[in-house]
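In: 3D model of this:
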Amino acid sequence: MPEWRRIDMSNEQDIIKIEKVKFAYGERLILDDLSLTIRRGEIIAIMGASGGGKTTLLGLIGGRLAPRSGQVIVENQNVPTLSKSSLYALRRRIGMLFQFGALFTDLSVFDNVAFPYREQTDLSEDMIRALVLMKLEAVGLRGAAHLMPSELSGGMARRVALARAVTLDPSIMLYDEPFTGLDPISVGIIGRLIKRLNAALGMTSVIVTHDLNETLRLADRVVVLSGGKVHCDLAPDQIRASSDPFIRQFADGLPDGPVPFHYPAPDYIKDLLAP
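Out: Okay, here's the model as predicted:
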């Protein structure tokens, strides 16, 4: 299978700008004046402890969530201020791979991938067939077009979901934990596909993940969130070499450290003896 050459991005420009964004669920502050810039054509990984706002950040980029304050600029548009029609138009240029694929269980592999074409375009069925087979060929599953989701392995289902996510050739791809629950071979396949498709289609990829090893092979930059802010924004080699306690706790899987094992609670003895 030939390797794809990365599209020349020498005239890089910002495609996503998060500027001093605050977001909370009720009284629980998730993002606190967070700022982040993502350049066109790059693969950026968002990492950090569970509950740190990584998936929330994807929701803000896609317009599913709105910040309490700050700006979310995607392709020069301030997402929270867009009308419904403008937001839908922007979303057609954004692909999303959900954590467990989210395939339609009652549709075949072919019909899952064909779904965005049938919903969003006026293409003929002959054209849709050709395009679906092209997308499935790109993820190595053209021969599985007739199968149902229940007949797929976890890795195959994730690859079908990826084929569906790129049907409309998005300029931005959002990945929410694309490696979760996969065996090492499938993790490697998905990682390679993400990199190939990003280069071949000239996309920008934002990946929320906890898989450090695959991330360091794949990403151009690794952004680590902590305390609602960007703790660091580093190249993979810098992450590997870092002595920062938070990064080391995360990279080495240590149960206690800057991220404590215990969730904040009252004094244990007083709590036990309370009436």
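In: Give me the contacts around stretch 153-161.
Out: 97-98, 100-103, 109, 112-113, 136, 139-141, 144, 149, 152, 178, 181-183, 185-186, 189-190, 193 (Cβ atoms under 8 Å, 6 or more residues apart in numbering). (Glycine included, C-beta is placed from N, CA and C.)
In: 6 Å instead, please
Out: Residues outside stretch 153-161 that contact it (Cβ atoms under 6 Å, 6 or more residues apart in numbering): 97, 101, 103, 109, 139, 141, 181-182, 186, 190.
In: And the furthest pair within the residues you listed?
Out: Farthest-apart pair in these is Val109 and Gly181; separation 19.0 Å (Cβ to Cβ).
In: By neighbours, which of the contacts of stretch 153-161 wins?
Out: With neighbours taken as other Cβ atoms under 10 Å, the top of those is Val109, carrying 27 neighbours.
In: That one against Met148, yeah?
Out: No: between Val109 and Met148 there is no contact under Cβ atoms under 6 Å: 7.5 Å.
In: Of all the contacts of stretch 153-161, the one with the weakest confidence?
Out: Across the set of the contacts of stretch 153-161, Gly101 stands lowest in pLDDT, at 68.
In: Report the buried residues of stretch 99-116.
Out: 99, 101-103, 108-110, 112-116 (16 or more other Cβ atoms under 10 Å).
In: Do a quick rundown of the helices in this protein.
Out: Counting by DSSP state H, the chain has helices at residues 54-61, 84-91, 109-120, 125-138, 154-165, 184-201, 212-218, 236-241, 245-252, 268-273.
In: Name the spans of the stretch 51-200 of the chain whose pLDDT lies under the cut-off.
Out: For the stretch 51-200 of the chain, the stretches with pLDDT under 70 are 101.
In: Nearest to Thr37, out of the helices of the chain?
Out: Thr37 lies closest to helix 54-61 among the helices of the chain, at 12.4 Å (Cβ to Cβ).
In: outside of the closest one, which residues touch it?
Out: Applying Cβ under 6 Å, 6+ apart, the contact partners of helix 54-61 are 23, 30, 46, 48, 65, 72, 174, 176, 208.
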